[in-house]
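Undergrad: Predicted model and sequence below, questions to follow.
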2 protein chains.
Amino acid sequence: MSVTAPAGFVATGVAAGLKSTGALDLALVRNQGPLQNAAAVFTSNRCKANPVLWSEQVIRDGVVSAVVLNSGGANCYTGAQGFQTSHATAEAAAEHLGVSAADVIVCSTGLIGEQLDRAAVTSGVASAAASLVPGREGGLAAAEAIMTTDTHPKQAVVSGDGWAIGGMAKGAGMLAPGLATMLVVITTDAALDSAALDASLRAATRVTFDRLDSDGCMSTNDTVVLLASGASRVTPEADEFALALTDLCRDLAMQLQGDAEGASHDIAIQVTHAVTEDDAVEVARAVARSNLFKAAIFGNDPNWGRVLAAVGTTDARFDPYGIDVAINGVQVCTAGEPDQPRDRVDLTPRATSVVIDLHAGDVSATVLTNDLTHDYVHENSAYAS
Amino acid sequence: MSVTAPAGFVATGVAAGLKSTGALDLALVRNQGPLQNAAAVFTSNRCKANPVLWSEQVIRDGVVSAVVLNSGGANCYTGAQGFQTSHATAEAAAEHLGVSAADVIVCSTGLIGEQLDRAAVTSGVASAAASLVPGREGGLAAAEAIMTTDTHPKQAVVSGDGWAIGGMAKGAGMLAPGLATMLVVITTDAALDSAALDASLRAATRVTFDRLDSDGCMSTNDTVVLLASGASRVTPEADEFALALTDLCRDLAMQLQGDAEGASHDIAIQVTHAVTEDDAVEVARAVARSNLFKAAIFGNDPNWGRVLAAVGTTDARFDPYGIDVAINGVQVCTAGEPDQPRDRVDLTPRATSVVIDLHAGDVSATVLTNDLTHDYVHENSAYAS
């Protein structure tokens, strides 16, 4: 179960004809209340897709009745015609659900620069509205309908004391920074207002999705939306809810990492003893974006020199000749000199750990990334064809 | 001819045993004067190799008698022992050439984090000092001795009115920003003081090597050194010399681009109508570092959405919905909307042009990069083995 695990939500996925394969390509998630509170975060890319431009307006009042998501086209860089398609999508949902179009979030994913088939989307919305179901079936269909190069649907659930949070995500490529990096819908039956949801969502995404940097590329369409139905009639403590939401976001982020396009290693880059969290994240992200480092990990080569070469491009505070590096538990570099022989590092497991000790402060942070593989190049050189 | 083209220089390359293949791996370039003026620029990576730390001291007084360069090991992150190896290399050259060690630049390239065989390097220097020759033969041997994954030596010559500039370069991977990104030795018989050389070198590298960003990775060892013998007895106008030097650096930079590891496309990303040159370079570099864009070009896919997605991650001044994009002369995007059909773009030639018109100002800049290929992944996943 995912978005339909908490009380008050129904969902579905239908085949609207946007994918040439005939697979599910349009998802609808409806909040049946009693509350319709919501929060959302969007890509920080300045080149935003039309559904993002639409949804940024929708979220302003903190009220969302439904979310429509389509794969098969990003509706990005499609001009006024594309914006009208996002608007028409919301209007169609409003008509069939009896809600206001101004309370319908729209998300799209797929190729940039191609018009979406508006008639196909709106008739897909009509079909979806007629087939909304609660429980496992509806949530799974929705999670499947938003898949692009994902090899499997991503779902997660966490439970509190009398309330629950459920979520679904898509994203296997263009996973990067600056927030969001994918389409994610999270639901809860907790009774929380939109300000509380917003604070929890920003806190959770900051340390989860924002620290997933698979290939350094930031999407134009990324959206994470959190809907609260209040159907449990329980209002959890803010800290308790934020912790549970963070757990759920981390679970989904790790599912995204594990299904990243073509990857053969899931790499956790932990930077320890930084002066600030920003310093730690800057250093970890620089390593996560080094193609040379990522290609070495693909080749099971513990090339720690490429780690330090990437660390040295940052402005973080550290002594460049006082850094330790450990790979999969073997300390290969101590204070900027070779330590354990690199052939002691076993890089055959998919899970890979790189620990960079800056010896500069007392703050740590971890960024999740993947290796650079032949399959990544293959999948991303053939996407449009 | 390359570094031995200008009068007053001799050079050679020898096999010192640093490469397990027995290939040439140590180069020596000597300035016979009458002047021994010089300038140099180094990597802006904070994690600098020992030869860079040594050479930064050497260049301070603007006097350089000789340059020793080795492949087969970067001598980076090798601690005090590694620094002493760079020092011993300069001392060996000083002894055999009858110059001061404080006037000997040392450059190294190869794997990071392994000690260089000091005895092999110093005996190689002795052999090299005994075999220095003028003319084509010496220059070519030196250019071959600094190759790592390069498939051919890189040399260039430009001539002025009674003076000349010659250069050699190595670099096929880890080609990136922040200055230099490779080992380059440039010689001239023009009679110029070190201040004039420094000004010309910084002006030339800023718009050539600094705008070559093959894979986004900045080396720890990059060095560009310019030596002037004054043997022509001609002092050219500063502008004239700077222009010629820029031409030579551009020639070498394009040779490096053309031999980048595993690349199948040489991509020139031109940003036009930016408000400032910094804005133009920032935008072009963001595109040059997008793995999704680079993989698409490898697949001959004119995926302009990935261009705009990268443009949108920058802080440059532009209207995100007012940008034009042309690929190989076909305007695929006008004012943020689809224009010519993408299948009109022919990406089969190696030379690839991307023009991004920001419609924001009147400044242009071009960054050179390469595509992301299977061969890049292969070469860089197997480097240490």
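TA: Cool, the structure landed. Fair warning: this is a prediction, and the values are worked out from it, not measured in the lab.
Undergrad: who touches the closest residue to A:G299 other than its chain neighbours in this structure?
TA: The shortest distance from A:G299 to any non-neighbouring residue, by CB to CB, 6 or more residues apart in numbering or on different chains, is to B:S381 (2.8 Å). Using the backbone N, CA and C atoms, a C-beta is placed for each residue, glycine as well. Residues near B:S381 by CB atoms under 8 Å, 6 or more residues apart in numbering or on different chains: A:295-296, A:298-299, A:301.
Undergrad: Run the chain-centre distance for the helix or strand of chain A with the lowest mean pLDDT.
TA: Ranked by mean pLDDT, DSSP states H and E, the helix or strand of chain A with the weakest confidence is helix A:374-381, at a mean of 86. Remark: helix A:374-381 is offset 21 Å from the chain centroid, using CA atoms, centre = their mean, to the nearest Å.
Undergrad: Tell me the most packed of the contacts of B:S381, by neighbour count.
TA: Using other CB atoms under 10 Å in any protein chain shown as the neighbour criterion, A:A295 leads those with 31 neighbours.
Undergrad: Look at that residue and give its secondary structure.
TA: helix (DSSP: H, G, I helix; E, B strand; the rest coil).
Undergrad: wait, it sits on A:H374?
TA: No. Counting by CB atoms under 8 Å, A:A295 does not reach A:H374; the two are 9.9 Å apart.
Undergrad: what touches both of these two?
TA: B:V377.
Undergrad: Skipping adjacent residues, who's closest to A:Q84 in space?
TA: A:R118 (7.7 Å).
Undergrad: Torsion angles phi and psi at the one you found?
TA: Note on A:R118: its backbone torsions stand at phi -60, psi -40 [degrees, to the nearest 10].
Undergrad: do the same with A:N291
TA: Residue torsions, per degrees, to the nearest 10, at A:N291 are phi -60, psi -30.
Undergrad: ok, and the closest non-adjacent residue to it?
TA: B:D215 (5.1 Å).
Undergrad: Where do the helices of the stretch 151-300 of chain A begin and end?
TA: With helices called from DSSP state H, counting those that start in this stretch, the stretch 151-300 of chain A shows them at A:194-206, A:238-258, A:277-288, A:291-298.
Undergrad: near chain B, which residues of the stretch 1-150 of chain A?
TA: A:45-48, A:74, A:76-79, A:111-115 (CB under 8 Å from any CB of the partner chain).
Undergrad: what number of residues lie near A:A102?
TA: A:A102 has 16 neighbours, counted by other CB under 10 Å.
Undergrad: That one contacts A:V58, correct?
TA: Yes. In this structure, A:A102 is within contact of A:V58 by CB under 8 Å, at 6.2 Å.
Undergrad: what's the overlap in contacts for those two?
TA: A:A90.
Undergrad: Let me know the secondary structure of the residue in the stretch 101-250 of chain A that chain B sits nearest to.
TA: Going by CB to the nearest CB, chain B is nearest to A:I112 of the stretch 101-250 of chain A, at 2.4 Å. Classification of A:I112 using three-state DSSP returns coil.
Undergrad: how is chain A carved up into domains?
TA: Listed by automatic domain parsing, the domain ranges of chain A are A:9-258, A:266-381.
Undergrad: in stretch A:357-368, what's buried?
TA: Neighbour-count burial for stretch A:357-368, counted by 16 or more other CB atoms under 10 Å in any protein chain shown, picks out A:357-358, A:360-361, A:363-368.
Undergrad: Tell me how far the residue of the stretch 101-250 of chain A closest to chain B lies from A:T334.
TA: 46 Å (CB to CB, to the nearest Å).
Undergrad: who's more crowded, these two?
TA: Neighbours were counted for A:I112 and for A:T334 using other CB under 10 Å; A:I112 has more, 25 against 16.
Undergrad: need the contact list for that one.
TA: A:49, A:74, A:76-77, A:220, B:303-306, B:308-309.
Undergrad: so the residue nearest to it when sequence neighbours are not counted, which of the three states?
TA: Spatially, and ignoring its direct neighbours in sequence, A:I112 is nearest to B:G305 (2.4 Å; CB to CB, 6+ apart). Following three-state DSSP, B:G305 is assigned to helix.
Undergrad: pretty sure B:G305 is touching A:N75, no?
TA: No. Using CB under 8 Å, B:G305 is not in contact with A:N75; the gap is 11.0 Å.
Undergrad: Which of these two has more residues huddled nearby?
TA: A:N75 (34 against 30).
Undergrad: give me phi/psi at that one?
TA: When read as degrees, to the nearest 10, the backbone of A:N75 gives phi 50, psi 50.
Undergrad: and what of A:S364?
TA: Dihedral angles for A:S364 - degrees, to the nearest 10 - are phi -120, psi 160.
Undergrad: who touches it in this structure?
TA: Counting by CB under 8 Å, 6+ apart, A:S364 has contacts A:270-274, A:280.
Undergrad: rerun at 10 Å
TA: Contact analysis of A:S364 by CB atoms under 10 Å, 6 or more residues apart in numbering or on different chains lists A:270-274, A:277, A:280, A:284, A:355, A:357-358.
Undergrad: If we only consider the residues you listed, which is nearest to chain B?
TA: Closest to chain B, out of all of these and judged by CB to the nearest CB, is A:L358, at 11.9 Å.
Undergrad: Number of residues surrounding the closest residue in space to that closest one that isn't next to it in sequence?
TA: Nearest residue to A:L358 in three dimensions, chain neighbours excluded: A:F318, at 4.1 Å (CB to CB, 6+ apart). Taking other CB under 10 Å as the neighbour definition, A:F318 ends up with a count of 24.
Undergrad: Let me know the distance separating A:F318 from A:V271.
TA: Distance from A:F318 to A:V271, by CB to CB: 9 Å.
Undergrad: which residues are common contacts for those two?
TA: Common neighbours of A:F318 and A:V271 (CB under 10 Å, 6+ apart) are A:279, A:283, A:311, A:356-358, A:360.
Undergrad: So which of those is the closest to chain B?
TA: Nearest to chain B among these, with distances taken as CB to the nearest CB, is A:V311, at 6.2 Å.
Undergrad: close enough to count as contact, that closest one and B:N45?
TA: Yes. Counting by CB atoms under 10 Å, A:V311 touches B:N45, with 9.1 Å between them.
Undergrad: low pLDDT regions in the stretch 51-200 of chain A?
TA: Within the stretch 51-200 of chain A, the segments meeting pLDDT under 70 span A:172-181.
Undergrad: And the strands in it, which stretches?
TA: For the stretch 51-200 of chain A, the strands defined by DSSP state E, counting those that start in this stretch cover A:66-70, A:104-108, A:154-159, A:164-170, A:183-188.
Undergrad: Determine which stretch of the helices of the stretch 151-300 of chain A is the most buried.
TA: helix A:291-298 (a mean of 27; mean count of other CB atoms under 10 Å in any protein chain shown).
Undergrad: Can you name every helix or strand that that helix contacts?
TA: Here helix A:291-298 touches strand A:266-274, helix A:277-288, helix A:304-311, strand A:351-357, strand A:363-370, helix A:374-381, helix B:291-298, helix B:374-381, going by 3 or more CB pairs under 10 Å, 6 or more residues apart in numbering or on different chains; DSSP states H and E.
Undergrad: To A:T12, which of these lies closest?
TA: helix A:374-381 (28.5 Å; CB to CB).
Undergrad: circling back: and the residue nearest to A:N291, how far from B:Q257?
TA: Per CB to CB, B:D215 is found 11 Å from B:Q257.
Undergrad: Need the per-residue pLDDT for the closest residue to A:L308 other than its chain neighbours.
TA: The shortest distance from A:L308 to any non-neighbouring residue, by CB to CB, 6+ apart, is to B:C47 (4.8 Å). Per-residue confidence for B:C47 comes out at a pLDDT of 88.
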